[in-house]
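J.: Sequence and predicted model, in that order:
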Amino acid sequence: MVRVTRSAVCWIFLLPFIRADMYRDQTLHQEAQLHKDILADYNTDYRPVKNHTQAVTVKVRFAVKYLSFDYLEETFTVHSWVAMNWIDEFLTWNPIDYGGVKEIQVESHEIWIPRMALFNADVTMYQSDQFFTTCSLGFAGNVTCVPHIAHSGICSTSLRRWPYDQQNCTLYFGSWMHKGEQVNYTFYPKAPVVLNDFTNGPAWKLLHVANERLPGKYSCCPNETYPMLKYTFVLKREAAGPAAIVVVPSIVIVLLTMTSLLLGVKDNVRLLLLCFSLFGHFVFLTEIGYDIPKHGSETPIILLFVRDSMLLTLIAILLTLMLMALMKRNDPTPRWVTYVANLVGTGPAKYMVFTEFDPSDSLKTKLAEDEGNASDEPQRAVNDWVSFCSIINSAVFIIWLLAYLILIITYIPADN
């Protein structure tokens with residue numbers, strides 16, 4: 001009779017697992033064995049240098065894919081593939097020992113990675129300075145990671161030339177805690193910014209991207225540096241829509257105001273057009289108010305144009321009411337009114353008077369003067385008031401024309 005001991009029973013149960021482990025070890029190919037060996041005693045908590053006084057140089061390249069700009073909230077978001085390259089002195093091997101394998105792929109959480117922070121980040125959105133992706137590792141310790149990251153930062157809006165404005169949005173990157181003597185951020189020597197597959201966001205067109213490395217020297221720390229990578233994005237607004245809504249109607253209401261000044265004072269259409277033009281100014285001011293920040297640092301110059309044009313239209317309405325009152329007067333005119341009327345009527349300035357409110361009155365007065373009828377004094381007084389009102393209206397039209405030309409040249413932005 002065969003006696004089976006307890007230890008023999010244990011070996012019987014463990015033998016399949018032991019054989020399985022031996023089989024797994026035997027089937028590990030050389031790349032898998034390399035991956036296992038190189039990460040066996042690796043620590044991700046420390047900088048990958050054997051000499052602690054040596055800095056880790058991290059080269060950065062942005063391949064920008066998409067961007068969006070919310071000028072009402074003054075936030076700017078860039079979606080890009082961020083390529084980062086550095087040397088890890090603890091991740092090296094001899095390719096001969098592993099069948100000529102010169103490159104493997106490792107997960108970013110398995111190795112040390114630089115933590116690049118955005119200094120002017122939008123605090124309302126959580127943005128981690130860590131990333132999770134698959135990295136390429138060369139036998140000399142050359143690590144390259146290309147994560148897809150969306151960076152959202154603060155961008156101060158300049159709306160002076162709205163809606164033909166351009167915005168300069170700048171993002172600052174660097175290490176939050178490490179000094180430049182520990183982690184040194186720099187650009188790829190060639191093509192630090194790539195725009196090959198870039199797509200413009202809604203309402204904005206990317207004109208240019210400038211990059212600059214700031215050394216980060218400060219008077220407080222003469223022996224230390226805190227370098228930063230500065231990226232400046234120059235954006236131009238696609239202004240076809242805002243121009244059709246605001247700029248073109250602003251010119252139209254100016255033409256409406258000027259056309260009304262050519263009409264007779266007694267014509268109610270003149271006063272109606274001026275009132276409609278004034279109402280249009282209020283409508284456009286409201287429309288612009290919906291499209292610009294309520295607490296912006298700069299005022300759009302087209303807003304100043306609509307404001308001044310509204311004041312000119314209001315004054316034109318008041319002058320029209322005043323001229324309508326003068327037209328109804330039949331009392332003798334003051335000497336200075338008669339003098340001004342005669343001076344303008346007999347001098348070169350008469351060619352500047354192009355409106356005649358009531359030609360029938362002037363014709364009657366002229367016939368009365370030719371016949372020597374001295375009893376028609378009221379009609380002559382009416383004619384003097386008509387002439388005086390015509391002179392005032394012509395002067396107002398010329399002054400308003402010059403004023404609007406100055407306003408258009410000064411305040412209407414042009415698409416450059």
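T.: Thanks, I have the structure now. Values in this document were obtained by computation on a predicted structure and should not be read as measured data.
J.: what about this structure, any weak spots by pLDDT?
T.: 1-28, 125-129, 222, 293-297, 329-385, 416 (pLDDT under 70).
J.: Centre-most residue in it?
T.: Centroid-nearest residue in the chain: residue 167, 4.1 Å away (criterion: C-alpha atoms, centre = their mean).
J.: Residue 159 contacts residue 303, correct?
T.: No: if you go by C-beta atoms under 8 Å, residue 159 and residue 303 don't touch, sitting 9.0 Å apart. Where C-beta positions appear, they are placed from N, C-alpha and C, glycine not excepted.
J.: Domain-wise, how is this structure divided?
T.: 56-238, 241-411 (automatic domain parsing).
J.: Residue 37: which of the ones you listed is closest?
T.: Ranking the domains of the chain by their distance to residue 37 (criterion: C-beta to C-beta) puts domain 56-238 first, at 7.7 Å.
J.: Do me a favour and get the end-to-end distance for the closest one?
T.: Using C-alpha to C-alpha, to the nearest Å, the end-to-end distance of domain 56-238 comes out at 43 Å.
J.: about what we covered before: what residues are shared contacts of residue 159 and residue 303?
T.: residue 292 (C-beta atoms under 8 Å, 6 or more residues apart in numbering).
J.: In stretch 258-273, which residues are buried?
T.: 258, 260, 261, 263, 264, 265, 270, 271, 273 (16 or more other C-beta atoms under 10 Å).
J.: pull the CA atoms of it into PDB?
T.: Provided in PDB are the C-alpha atoms of stretch 258-273 (Å, rounded to 0.1, in the frame of the first residue of the first chain):
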ATOM      1  CA  MET A 258     -28.600 113.300 -44.500                       C
ATOM      2  CA  THR A 259     -31.400 112.700 -47.000                       C
ATOM      3  CA  SER A 260     -34.000 114.000 -44.600                       C
ATOM      4  CA  LEU A 261     -32.100 117.300 -44.300                       C
ATOM      5  CA  LEU A 262     -32.700 117.800 -48.000                       C
ATOM      6  CA  LEU A 263     -36.400 117.800 -47.600                       C
ATOM      7  CA  GLY A 264     -38.600 120.800 -46.900                       C
ATOM      8  CA  VAL A 265     -39.300 121.700 -43.300                       C
ATOM      9  CA  LYS A 266     -43.000 121.800 -43.900                       C
ATOM     10  CA  ASP A 267     -42.900 118.300 -45.200                       C
ATOM     11  CA  ASN A 268     -43.800 115.900 -42.300                       C
ATOM     12  CA  VAL A 269     -41.800 113.200 -44.000                       C
ATOM     13  CA  ARG A 270     -38.600 115.000 -43.000                       C
ATOM     14  CA  LEU A 271     -39.500 114.800 -39.300                       C
ATOM     15  CA  LEU A 272     -40.700 111.200 -39.700                       C
ATOM     16  CA  LEU A 273     -37.400 110.100 -41.300                       C
END
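J.: Run through who's touching that stretch.
T.: 256-257, 274, 277, 316-317, 320-321, 323-324, 327, 355, 357-358, 389, 393, 396-397, 400-401, 404.
J.: Dump the domains of the chain to a markdown table, plus distance to residue 36.
T.: As requested, the domains of the chain are arranged in a markdown table below (distance: least, C-beta to C-beta, whole Å):
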| stretch | distance to residue 36 |
| --- | --- |
| domain 56-238 | 11 |
| domain 241-411 | 57 |
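J.: show me the contacts for residue 322.
T.: Contacts of residue 322 (C-beta under 8 Å, 6+ apart): none.
J.: That one: what secondary structure?
T.: Here residue 322 is helix, with the state taken from DSSP: H, G, I helix; E, B strand; the rest coil.
J.: what's the distance between it and residue 270?
T.: Using C-beta to C-beta, to the nearest Å, one obtains 13 Å as the distance from residue 322 to residue 270.
J.: For the chain, which segments count as strands?
T.: With DSSP state E as the criterion, the chain has strands at 56-70, 75-87, 103-107, 116-118, 134-138, 142-145, 148-154, 166-175, 183-187, 193-194, 204-214, 217-218, 221-225, 228-237.
J.: now those strands as CSV including distance to residue 414?
T.: Below are these laid out as CSV (distance: least, C-beta to C-beta, whole Å):
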stretch, distance to residue 414
strand 56-70, 22
strand 75-87, 25
strand 103-107, 53
strand 116-118, 35
strand 134-138, 49
strand 142-145, 46
strand 148-154, 29
strand 166-175, 13
strand 183-187, 36
strand 193-194, 30
strand 204-214, 17
strand 217-218, 42
strand 221-225, 44
strand 228-237, 13
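J.: Among the buried residues of stretch 258-273, name the ones in helices.
T.: 258, 260, 270, 271, 273 (DSSP state H).
J.: farthest pair in these?
T.: Across these (C-beta to C-beta), the longest gap, 15.1 Å, separates 258 and 271.
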